[in-house]
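[1] Sequence first, then the predicted structure:
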Amino acid sequence: MAEIFRVIWGKRIDKALSKLPNHIQLKFFAWVTAIRLDGLRKIRERSGFHDEPLSGSRQGQRSVRLNNQYRIFYIQDEHNEHIEVIEVNKHEY
């Protein structure tokens, strides 16, 4: 399986990011940079991002914790060439 080093997102995510606190934006870009440098598989092994598969209505998606409140939701393309960030938001408990 090819290792993923590419993270993509659209204008909607850029807009959502611009409204988040600075430290959350920095953690998001730290996650993106870590994937570009080390690949997704290595990042999933790190406990700091708490990368986990989702179930239910979000089956097929994964989430990454930016802190106790904020999450990144992403999907991996079927060819393992990139991942796409589909949402960044405050997690509802």
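    Ah, there it is.
[2] Give me the distance between the lowest-mean-pLDDT helix or strand in the chain and the centre of its chain.
    Lowest mean confidence among the helices and strands of the chain (mean pLDDT, DSSP states H and E): helix 40-45, at a mean of 91. Here helix 40-45 shows a centroid-to-chain-centroid distance of 11 Å under the convention C-alpha atoms, centre = their mean, to the nearest Å.
[3] Next: stretch 36-45.
    11 Å.
[4] mind listing the helices for the chain?
    Using DSSP state H, the helices of the chain run over 11-18, 22-38, 40-45.
[5] Can I get these in CSV including mean neighbour count and distance to Asn80?
    From N, CA and C alone the C-beta is placed, and that goes for glycine too. Shown next, in CSV, are the helices of the chain (neighbours: other C-beta atoms under 10 Å; distance: least, C-beta to C-beta, whole Å):
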stretch, mean neighbour count, distance to Asn80
helix 11-18, 12, 21
helix 22-38, 15, 13
helix 40-45, 15, 9
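[6] Let's have those helices in CSV, adding distance to Asp51.
    Formatted as CSV, the helices of the chain follow (distance: least, C-beta to C-beta, whole Å):
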stretch, distance to Asp51
helix 11-18, 17
helix 22-38, 9
helix 40-45, 5
